[in-house]
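heads up, no residue letters with this:
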């Protein structure tokens, strides 16, 4: 197995263990909601965002370990958004990560509440970061909470989802598509990188470089996501192939074709790696992760 | 007009102005979501929770003014919960505060997202409290974020809503009803009082007394809410009379009858007022508010 695949696996396991430790047990009262939360969070997932938070901390001299509680919070925000996006009133999806979506298993009411609960829990986790021994200063934690709340809000993920819903009714051009992706996926990826770096005490220059990396990586990730939706293997991606097309979603392949989309993703990855030029060995994982985005199959 | 009614009106206006100032304008991009958020937040409401935060601050030597941004955040959390509770998958209500519910006007998808956005925005506002000139210390702000996140989460409001949904299928006894109300309504009222007090630098003893006040007031408020649902005037309460009964919801009047419920509410109010005995004139509003809960018509 290549170094990057081994590292992805190792870090995924660390993050999964932390998620398992931080989430309330499935039999906590009232059990139904805690079961639904665990069902959605613990059913696979690449853990890209928490991993990025950890790797950004690493790049500035920290470690994944030291930002694990924040990484868990970031994954909770991501999972909440997936649960709500899958709802019948939104994208009406039956499968997520190869398994029935939360509302298919627990019903719509509990799925809405499980999403709400994961979003709320994320902020609870964040509010407790300074309680750890040698935890980050309270002011930095507040900056991270602000960063993540803005990324999750109407000028971030939620705004992107609104535009995405509107795009089902009217055609979207290239500029429109980039805005949707920057808000819907890019904002949280960017905030994950920035949060990890901030918690590890990044200098303003390092934070700027890492932000540039995150913006390019986020776009590359979204483009390859669109490509995988079009030509990926359902048993690897866990999603029905061609679902974007059936929903008449605007995607990069739909607007530019597969080849040009791949070339765009490659350009993003090159710029992402270039922005890490001053990080040396500490930036290795972020660098190899960027290349990996181009060759991933899921 | 009595002193308490004048004060309620004056404070409501202050809070409404602050909400109007803090929420993004209705034409902020993307407009649909900001319209929906404003529609739900600005369409009336007693503003009980933000008012309690301000009054608790007052009781320990602070003021409503100094906790207004936190009060706004608390009202956003409350409004998010109303939007989601009203959804077709939950209580399926058409009217709220005398007007069509958010999903009736904007559709289910936008209503879900507007709720999500208000919850997220609340934490953004809270994360910025220390940025004000003479704002509270960062550590206190983190305590307040934790307080509110816990109250909004599965051991608070969301847990209460889950139990409330389950109660539609199976009969609930007196103990069960108290748990539902303590979580669904009581938790945020308690957290509002505690947050206001904490931001104003309350001593541990004062915080304990105010917490006791909040718990009794919250229960009194819920009991009188149940009574108003049964015998109130639709044009005053803004809700269809008897809707709890039609939904076969467990309520205090259903379990105990109107008279015994009123007696219970009166007991709560007496204990609430008793817990304010050491606050003198600074506790006047909280005291009169407790009595007012018994005579309110909406």
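Okay, I see it. Here the structure is a predicted model, which is why all the values come from computation and not from measurement.

how about residue A:149, what does it touch?
Taking C-beta atoms under 8 Å, 6 or more residues apart in numbering or on different chains as the criterion, residue A:149 is in contact with A:123, B:120, B:121, B:123, B:124, B:127. Bear in mind the C-beta positions are built from the backbone N, C-alpha and C, glycine included.

Please identify which two of these are farthest apart in space.
Farthest pair in the contacts of residue A:149 (C-beta to C-beta) is A:123 and B:121. Separation: 11.6 Å.

remind me which residues of chain A are low pLDDT?
Scanning chain A for pLDDT under 70 picks out A:233-240, A:246.

Let's see that with 50 instead.
Counting by pLDDT under 50, chain A contains no low-confidence residues.

So which residue is smack in the middle of it?
Within chain A, one residue has its C-alpha closest to the average C-alpha position: by C-alpha atoms, centre = their mean, that is residue A:49, at 4.1 Å.

Spit out the contact partners of that one.
Residues touching residue A:49, when contacts are defined by C-beta under 8 Å, 6+ apart, comprise A:71, A:74, A:75, A:78, A:188, A:189, A:192.

Phi and psi next, for the fifth one.
Which is residue A:188. Backbone dihedrals for residue A:188, given as degrees, to the nearest 10, come out at phi -70, psi -30.

and it, what is it in contact with?
By C-beta under 8 Å, 6+ apart, the contact list for residue A:188 reads A:49, A:74, A:77, A:78, A:81, A:148, A:151, A:152, A:156, A:157.

Closest one of the residues you listed to chain B?
Within the set of these, residue A:152 lies nearest chain B; the separation is 4.9 Å, counting by C-beta to the nearest C-beta.

Thought residue B:120 was touching that closest one, still the case?
Yes - here residue A:152 lies in contact with residue B:120, judged by C-beta atoms under 8 Å, at a distance of 4.9 Å.

Mind listing the shared neighbours of these two?
Applying C-beta under 8 Å, 6+ apart, one finds that residue A:152 and residue B:120 are jointly contacted by A:119, A:158.

re the thing from before, in helices only, show me the contacts of residue A:149.
Using DSSP state H, the subset of those located in helices is A:123, B:120, B:121, B:123, B:124, B:127.

what's residue A:148 in contact with, if anything?
A:73, A:74, A:77, A:122, A:126, A:188, A:191, A:195.

neighbours around residue A:267, how many?
14 (other C-beta atoms under 10 Å in any protein chain shown).

So it lies in a helix, does it not?
Yes - Residue A:267 sits within a helix when classified using DSSP: H, G, I helix; E, B strand; the rest coil.

Roughly how far does it sit from residue A:255?
For residue A:267, the distance to residue A:255 (C-beta to C-beta, to the nearest Å) stands at 16 Å.

top of the contacts of residue A:188 by neighbour count?
Among those, the one with the most neighbours (other C-beta under 10 Å) is residue A:74, at 33 neighbours.

what about the host helix or strand of that one and chain B, any contact?
Using DSSP states H and E, residue A:74 sits within helix A:68-86. Yes - under the criterion of C-beta under 8 Å from any C-beta of the partner chain, chain B is reached by helix A:68-86 at A:80, A:84.

Which of the residues in the lengthiest helix in chain A are classified as buried?
For chain A, the helix that runs over the most residues, judged by DSSP H, is helix A:204-231. By neighbour count, with 16 or more other C-beta atoms under 10 Å in any protein chain shown as the criterion, the buried positions of helix A:204-231 are A:206-207, A:209-230.

near chain B, which residues of the stretch 151-298 of chain A show up?
For the stretch 151-298 of chain A, the residues found near chain B under the criterion C-beta under 8 Å from any C-beta are A:152, A:153, A:154, A:158, A:159, A:161, A:162, A:163, A:165, A:166.

at 6 Å instead, please
A:152, A:153, A:154, A:158, A:159, A:162, A:163, A:165 (C-beta under 6 Å from any C-beta of the partner chain).

From the chain's centre, how far out is stretch A:245-264? Work that out for me.
21 Å (C-alpha atoms, centre = their mean, to the nearest Å).

contacting residues for residue A:120?
Taking C-beta atoms under 6 Å, 6 or more residues apart in numbering or on different chains as the contact definition, residue A:120 lies against B:149, B:152, B:153.

Just send those residues back as CSV, with secondary structure too.
Supplementary listing: the contacts of residue A:120 in CSV, determined by three-state DSSP:
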residue, secondary structure
B:149, helix
B:152, helix
B:153, coil
